[in-house]
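J.: sharing a model that was predicted from the sequence below.
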Amino acid sequence: MTNNLATPPKPGYEPGLTRRRRWKLLLAKQETVPWRFESTSARLDSKFFTGLTGFATVLILAILAVILGNILVNGWPGISWRFLTAGTEKDMFDVDKAGILPMIFGTAARVILMTIFVIPIGVITAVYLTEYAHATSIFTRVIRGAVNNLAGVPSIVFGLFGLGFFINFIGRNMDKFLRPGAAEPLWGQPAILWASLTLAVMTLPVVIVATEEALRAIPLGLREASLALGATKLETIVKIVVPQAMPGILTGGILAVSRAAGEVAPILFTGAAYFMASLPKSLTDQFMDLGYHIFILSTQSPNVEKTRPILFATVLALILLTLTLNIVAIFVRARMRRRMRALH
Amino acid sequence: MTPTHANRTLGWTGIKRGHKARTLEWLAEKFIFVVSLSAIVMVFLIFLFVAREALPVALGRMSSVKAVKAIPPEEIGRLSQAELMEYLDLTPAQFKAMPQEALKDLMAVKVEAAAEAPKDKDAALNTTTWSAMLKPYQWSGYDKPEYIWQPVSQIQKYNLVPLFIGSLKATLVALLFGVPLALGAAIYVSQLASPKTKEWLKPAIELLAGIPSVVLGFFGLIVLASFFQSITGSDSRLNAFVAGIALGLAVIPVVFSIAEDALTSVPRAYTQGALALGASKWNAAWKIVLPAAIPGVFAAVVLGFGRAIGETMVVLMASGNASIVSWNLFDSTRTMTATIAAELAETVFGGHHYRILFLIGALLFLVTFLSNLLADVVIHRLKNRLEGKPA
């Protein structure tokens, strides 16, 4: 960087000039004052690499735009009111008659069911980690490690876990004790309940991390003020801290829903059905799913070219669902951060 | 040292107000503590129950031997009761309930089965042992020992090596494509972009994480596959390269957000010091900030690897799913995850195929568990170092 110190002095830097004279010379030559002692090659390097990393950024955004644009352009003509609200009684590969209402219903039902399980457990864990646990204790470290690990378990392994634990272990034992002697298993088979529980385990880290961030952003002063007014610790947490963190909890919930809505691997063996004549009516029914339907349409279709319009339209429906949720989460989070900054 | 957030909250976390006087307070705290253990319990249960289903195979307690020893029904008197029971796979109660004639009929069925069973040396081989799953074997009809995964055939062949190679190929392509892009973007967004640009760039790139993997798989299958075939002219439209590129799109947001976090967590003073000494923004980022954050970048790559090797729908749809042993990127490939997804639904519950698929799941879990653990430890150390605490 500083190898120019060894080179002969540039014009304007000759020894013996007064400071005034030097400035005048430099200004006359339209040269900026050299605050940074860099060689030209280093400046070029700098420009080049800034451009290169900027290019990587732009490339990622371009790929994102191409994917979304392609799906939007090809999928939009296929979206119609009939498509969104019709069932699949006739033929799920028939371009003119097939609809995706059962899939939208199935996906919505399983993610709503999932939030009922995951939000309370996720929020309570985050409360423990931020409000009760000592940040330095080994125990906190282990919980955090487990949360990070859970986030990295492959989704297909969650599917195997759902089958091995929820269906083969819990479900079968429920059948054994609740309905002894019944010929057909009721609980010990794939069902929307087991799919939701599997997804709840999978999205637990999402909720925990988002809630924790929200709880940490709340100023200590609020807690101290509440304690000073005579509230106990639990009262402070329930009435002051958690309500303040609501937007963060909401963000976590939305992100979890968006993540779960698009996941197919965990529900392959735990509840998704290839085809069902009617909508699921109880927790032990199987369901049709938007993501799984995309998989079926793109790999099992008798005539890929012919079913292309409904395939693209189904993908567009799923993308709209997950991306809208993501964007909402981003905005809620940004608003929350601004509000928290104002509180500090 | 200025008090960090962790130090400040210590005062609050230690507060036990109302703790002694009120039972409810005490109970609630214990309840919250117990619930917070759920993450640990879940990781433990996942391993336990996936491994439980795989255990008989892992311990070598299963057999897929196809050759059947046949004893003609006339020789029924030659066997003792216990031998006969074992030969016919009967429980003592069933055995007692059966008349002599029924036993003879069963033996006749066995003889027929033996006549239909394959006769060659392969039929006598137990293909569920570790050596059959990992070492090449010379099947009759092949001219040299080979690794073959062929679970649906008369003699099931369960060699895992083609699947390992498939997973590694797709993962390698994904990392080679995704990591440079993600790291470049992370450096740009965290160090070089203006704060205003950064504010919208970061969420925009993270939007990529919001695209479900089944959609990435669909994109690979329908759009990328045709595009790359028209360029490379490869024989199989779906191959490891197409799957790897689509997989890379799933890896980018993971690597980007972790690396960006690590780079941003380097104290501003490092950059400011470098700039004050006359370095350019790029030089400060490349020579000062990146070396300080390099463990975090390493962790990002490790987590990206875990994500790539565990991703299912993308490879299931875009890799072609032929279990060939080949390092050619343009051959159709079958990965570990895709194999589980494609085959589990058709297996017999509790059979060897079913258990071997769970074994693959357990191996996947172990691989990602170890890579997550490594990344976790590395990030923790980095955080401590940057905050000036001893590691």
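T.: Sure, I can see it.
J.: hmm, B:Arg355 and B:Val57 touching each other?
T.: Yes: using C-beta atoms under 8 Å, B:Val57 makes contact with B:Arg355 at a distance of 4.3 Å. Any C-beta I mention is one placed from the backbone N, CA and C, and that applies to glycine too.
J.: anything in contact with each of the two?
T.: B:Thr128 (C-beta atoms under 8 Å, 6 or more residues apart in numbering or on different chains).
J.: quick one: which of these two has more around it?
T.: B:Val57 (24 against 20; other C-beta atoms under 10 Å in any protein chain shown).
J.: doesn't that one lie inside a helix?
T.: Yes: counting by DSSP: H, G, I helix; E, B strand; the rest coil, B:Val57 is part of a helix.
J.: quick one: pLDDT of it?
T.: Looking at B:Val57, its pLDDT is 90.
J.: what's the spacing between it and chain A?
T.: 14 Å (C-beta to the nearest C-beta, to the nearest Å).
J.: can I see the domain layout of chain A?
T.: A:1-38, A:49-77, A:79-343 (automatic domain parsing).
J.: deepest in the core, which of the ones you listed is it.
T.: Ranked by mean neighbour count, these are led by domain A:79-343 with a mean of 20 (mean count of other C-beta atoms under 10 Å in any protein chain shown).
J.: on that earlier part again, mind putting the domains of chain A into TSV with mean pLDDT?
T.: Shown next, in TSV, are the domains of chain A (pLDDT from 0 to 100):
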stretch	mean pLDDT
domain A:1-38	60
domain A:49-77	95
domain A:79-343	90
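J.: and the ones you listed as CSV, adding distance to B:Ile71?
T.: Formatted as CSV, the domains of chain A follow (distance: least, C-beta to C-beta, whole Å):
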stretch, distance to B:Ile71
domain A:1-38, 89
domain A:49-77, 64
domain A:79-343, 35
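J.: reformat the ones you listed as CSV; add distance to chain B.
T.: As requested, those are exported to CSV (distance: least, C-beta to the nearest C-beta, whole Å):
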stretch, distance to chain B
domain A:1-38, 5
domain A:49-77, 3
domain A:79-343, 2
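J.: distance check, the residue nearest to A:Pro154 when sequence neighbours are not counted against B:Ala209.
T.: The spatially closest residue to A:Pro154, leaving aside those adjacent along the chain, is B:Gly310, at 2.6 Å (C-beta to C-beta, 6 or more residues apart in numbering or on different chains). B:Gly310 sits at a distance of 15 Å from B:Ala209 (criterion: C-beta to C-beta, to the nearest Å).
J.: so between those two, which is more surrounded?
T.: B:Gly310 (26 against 19).
J.: mind checking pLDDT for that one?
T.: For B:Gly310, pLDDT reads 94.
J.: which ones are touching it?
T.: B:Gly310 neighbours (C-beta under 8 Å, 6+ apart): A:Gly152, A:Val153, A:Pro154, A:Ser155, A:Ile156, A:Val157, B:Thr337, B:Leu364, B:Thr368.
J.: out of those residues, which sit inside helices?
T.: The helices, defined by DSSP state H, take in A:Gly152, A:Ser155, A:Ile156, A:Val157, B:Thr337, B:Leu364, B:Thr368 from these.
J.: closest to B:Ile231 out of these?
T.: Nearest to B:Ile231, judged by C-beta to C-beta, of the ones in helices among the contacts of B:Gly310 is B:Thr337 at 26.9 Å.
J.: setting the sequence-adjacent residues aside, check what's closest to that closest one.
T.: That would be B:Thr312: by C-beta to C-beta, 6+ apart, it lies 4.2 Å from B:Thr337.
J.: again with B:Lys104
T.: B:Lys104 sits nearest to B:Pro73 (C-beta to C-beta, 6+ apart), 4.3 Å away.
J.: now that neighbour: how far from B:Ala113?
T.: From B:Pro73 to B:Ala113 the distance is 13 Å (C-beta to C-beta).
J.: tell me which of the two has more neighbours.
T.: B:Pro73 (15 against 11).
J.: let me see the contact set for that one.
T.: By C-beta under 8 Å, 6+ apart, the neighbours of B:Pro73 are B:Lys104, B:Asp105, B:Met107, B:Ala108, B:Val111.
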